[in-house]
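1. 3D, please:
(chains A and B)
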Amino acid sequence: MAVEVSADQVRDAVKAYLGRFLDDMDGMEDVDLISGGLLDSLVAVQLIDFIQNRFGVTVDDEDLEIANFDSVNRVVAFVERKRGRA
Amino acid sequence: MSGPATGEPEHLAAFEALAADKLAPLAEDWERAGAVSREIVPLLAGAGLLGALVPTASGGTGWSHRDYGEANRVLGALSPSAQSLLTVHGMVTQALARWGSAPLRALLPRFAGGHAVAAFALSEADAGSDVRQLASTAEQVDGGWRLTGVKRWISFGQLADAFLVFARTAAGDAAFLVRRDDRGVTVSPEARTAGLRAARLAVLELDGCTVPGERLVGRPGFALTQIGGRALTYGRLWVAFGAVGLAESCHRATLERITTQSRFGQPLKDFQLVRGLVSDTELAVRSARLLARQAATASDTASQWLMDEVLAAKLAASRAATLAAGVCAQIHGAQGLVEDSPVQRRLADARVMEIIEGNTQLVQDLLADQTIARWRATSRGGVQ
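-> Now for the predicted structure:
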């Protein structure tokens, strides 16, 4: 379970992960995926599990805001924040 | 397949003994009467099952999902209605253990000890598979929340002491624990269903029911996803095990009949067309059992493919139940047509397995997403 070293690597990993469920992730960094209805709720659950397992951060109850997970860049910012780098 | 000789844990062996000795005769009565009685609660609690999905540190018994699944299979073979109590009580206690406020988590020993029964109140008249259509509302008021709405088809709602209720708030969808004795709560029986007819289905009416702030479970905005979505995933796993148990009981009844009855001067078991039915059912039951166990292990090991495994198990098990119940009815001929006979009850119960916790078509749709995702993950050699 490698811990990513840079925001770019986090972004690439999140895009690769979401690319399992969405056809094309190019240019999708700021698109609202959950509130925009592109990811169904089960995938949103899986995304949160992925974030915890892949980046070694804990998603606490108070972190459970759609705003933290709605787009690739929001996830990247969240991971950075949780790792104390932003 | 069962018994301590297989090296299974002691608590599971003890439950299997309880099921054979005490629950089996009671289940007959419940099924005949069309109502599982409250006497089941202390029996399941005594076996450790009502706290099985609650960690021991929180007052539960902390069973593995594999063991809890097996208990659901065993009970599902006796009474799918009774098994559905494990589904809903398990879903709610697990959600409370994970997301509940400290005062709510303090209630967990009561749920584990069988002093209170928990039920899952998500569905509404116009919001079943499509939960986004939820019409129930919760309005923030001084010191708490005021809930209004009508929840339908709540398994064991007639016996439940507390309900995990999903409702809309100004800040998004949210979940609340509502007590049966809260002011503004009315619980009434649903019209009795053909399948799962003993599962004590209820309507929950919330008429401006006001609950303190600590009853909010998790946070508004993510409840349908994080609490409901996860709970339903586990619910599907328990339904899968229950459906395997139902399929096994149908299959056993088929085998009993074909080995003891003869027609045209030969045992039923020797007719080629009957042998085809037996083999196909055996294959369906056996593969569903393996998939259910694999999905439970995926949960115990926090596999990234948990959703995929659970959906596959639910689809296979509910279909195995449909097949096995249909074959059982066919093999029983005119005897199997008798109203209220075990054969007819199993047929009706199997139908329910393809409806609850996601109907077959919804599960197919979700499983296709997972199948494609898994294929992409491996074929691209990408993220692991």
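2. List the contacts of B:Leu44.
-> By Cβ atoms under 8 Å, 6 or more residues apart in numbering or on different chains, the contact set of B:Leu44 is B:Leu50, B:Leu85, B:Leu86, B:Gly114. For every residue, glycine as well, the C-beta is placed using N, CA and C.
3. Next: B:Val239.
-> Applying Cβ under 8 Å, 6+ apart, we find B:Val239 in contact with B:Ser84, B:Thr87, B:Lys314, B:Ala317, B:Ser318, B:Met353, B:Ile356, B:Glu357.
4. 6 Å instead?
-> Contact analysis of B:Val239 by Cβ atoms under 6 Å, 6 or more residues apart in numbering or on different chains lists B:Thr87, B:Glu357.
5. immediately after the helix or strand containing it, which helix or strand?
-> B:Val239 belongs to helix B:230-260 when assigned by DSSP states H and E. Heading C-terminal from helix B:230-260, the first helix or strand you meet, by DSSP H and E, is strand B:262-263.
6. that older thread, could you identify which of the contacts of B:Leu44 has the most neighbours?
-> Within the contacts of B:Leu44, neighbour counts (other Cβ atoms under 10 Å in any protein chain shown) peak at B:Leu50, which reaches 30 neighbours.
7. shouldn't that one be in contact with B:Gly114?
-> Yes: assessed by Cβ atoms under 6 Å, B:Leu50 is found in contact with B:Gly114 at 5.1 Å.
8. Give me the residue ranges of chain B where confidence is low.
-> Across chain B, the ranges flagged by pLDDT under 70 are B:1-6, B:381-384.
9. rerun at 50
-> Within chain B, the set of residues satisfying pLDDT under 50 comprises B:1-4, B:382-384.
10. Do a quick rundown of the helices in it.
-> Applying DSSP state H to chain B gives helices spanning B:10-18, B:24-33, B:40-46, B:65-78, B:80-99, B:102-105, B:108-112, B:230-260, B:272-300, B:306-331, B:342-353, B:360-379.
11. what about those, which gets the closest to A:Leu64?
-> helix B:80-99 (8.8 Å; Cβ to Cβ).
12. Tell me if that closest one is near chain A.
-> No: for a cut-off given as Cβ under 6 Å from any Cβ of the partner chain, helix B:80-99 has no contacts with chain A; the smallest distance is 6.7 Å.
13. Show me what that helix is packed against.
-> Judged by 3 or more Cβ pairs under 6 Å, 6 or more residues apart in numbering or on different chains; DSSP states H and E, the packing partners of helix B:80-99 are helix B:65-78, strand B:118-121, helix B:230-260.
14. just those: most buried one?
-> Among those, ranked by average contacts under mean count of other Cβ atoms under 10 Å in any protein chain shown, first place goes to strand B:118-121 (a mean of 28).
15. residues in contact with that one?
-> B:88-89, B:91-93, B:111, B:151, B:154, B:156-157, B:160, B:162-165, B:204.
16. Check the offset of it from the chain's centre.
-> Centroid separation for strand B:118-121 versus its chain: 11 Å, with Cα atoms, centre = their mean, to the nearest Å.
17. From the structure, what's the count of residues near B:Gly218?
-> When neighbours are defined as other Cβ under 10 Å, B:Gly218 has 22 of them.
18. circling back to that earlier point, please identify which of the contacts of B:Leu44 is nearest to chain A.
-> When the contacts of B:Leu44 are ranked by distance to chain A (Cβ to the nearest Cβ), B:Leu86 comes first, at 22.2 Å.
19. show me where chain A has helices.
-> Under DSSP H, chain A gives helices at A:7-18, A:41-55, A:66-69, A:72-82.
20. how close does the spatially most central residue of chain A get to A:Lys15?
-> Central residue of chain A (Cα atoms, centre = their mean): A:Val75, 3.7 Å from the mean position. Counting by Cβ to Cβ, to the nearest Å, the gap from A:Val75 to A:Lys15 is 10 Å.
21. cool, and B:Leu273?
-> Counting by Cβ to Cβ, the gap from B:Leu273 to A:Lys15 is 55 Å.
22. So those two - more neighbours on which side?
-> Higher neighbour count among B:Leu273 and A:Lys15: A:Lys15, with 19 against 6, using other Cβ under 10 Å.
23. The more buried one: what's it in contact with?
-> So A:Lys15 contacts A:Met25, A:Val72 (Cβ under 6 Å, 6+ apart).
24. Likewise for B:Arg38?
-> Shown in contact with B:Arg38 (Cβ under 6 Å, 6+ apart): B:Leu159.
25. Just want the phi and psi numbers for it.
-> Dihedral pair for B:Arg38: phi -60, psi -10, per degrees, to the nearest 10.
26. Check B:Asp181 too.
-> Phi and psi for B:Asp181, reported as degrees, to the nearest 10, are phi -90, psi 10.
27. can you check B:Val338 too?
-> Dihedral angles (degrees, to the nearest 10) for B:Val338: phi -60, psi 130.
28. Check A:Gly56 too.
-> According to degrees, to the nearest 10, A:Gly56 has phi 60, psi 30.
29. what do you get for B:Val54?
-> Torsion angles at B:Val54 (phi, psi; degrees, to the nearest 10) stand at phi -110, psi 130.
30. count of neighbours near the residue lying closest to B:Ala102 once chain neighbours are set aside?
-> Setting aside the residues directly before and after it, B:Ala102 is nearest to B:Glu214 in space (Cβ to Cβ, 6 or more residues apart in numbering or on different chains), at 7.8 Å. Counted by other Cβ under 10 Å, the residues lying close to B:Glu214 total 15.
31. For B:Leu23, give its distance to B:Glu39.
-> Distance from B:Leu23 to B:Glu39, by Cβ to Cβ: 10 Å.
32. the more surrounded of the two?
-> Taking other Cβ under 10 Å, B:Leu23 and B:Glu39 do not tie; B:Leu23 has more neighbours (23 against 11).
33. Report the contact partners of the more buried one.
-> The contact partners of B:Leu23, by Cβ under 6 Å, 6+ apart, come to B:Leu78.
34. Top of the contacts of strand B:118-121 by number of neighbours, please.
-> Result: B:His89 is most packed of the contacts of strand B:118-121 (other Cβ under 10 Å), 32 neighbours.
35. Most distant residue from the centre of chain B?
-> Farthest-from-centroid check, chain B (Cα atoms, centre = their mean): B:Gly265, 43.6 Å.
36. Next, work out how far apart that residue and B:Ile331 are.
-> B:Gly265 sits 18 Å away from B:Ile331, going by Cβ to Cβ.
37. List the contacts of stretch B:45-58.
-> So stretch B:45-58 is contacted by B:11, B:15, B:18, B:44, B:60-63, B:68, B:71, B:89-90, B:93-94, B:97, B:105, B:108, B:112-114 (Cβ under 6 Å, 6+ apart).
38. Fine by me, we can end here.
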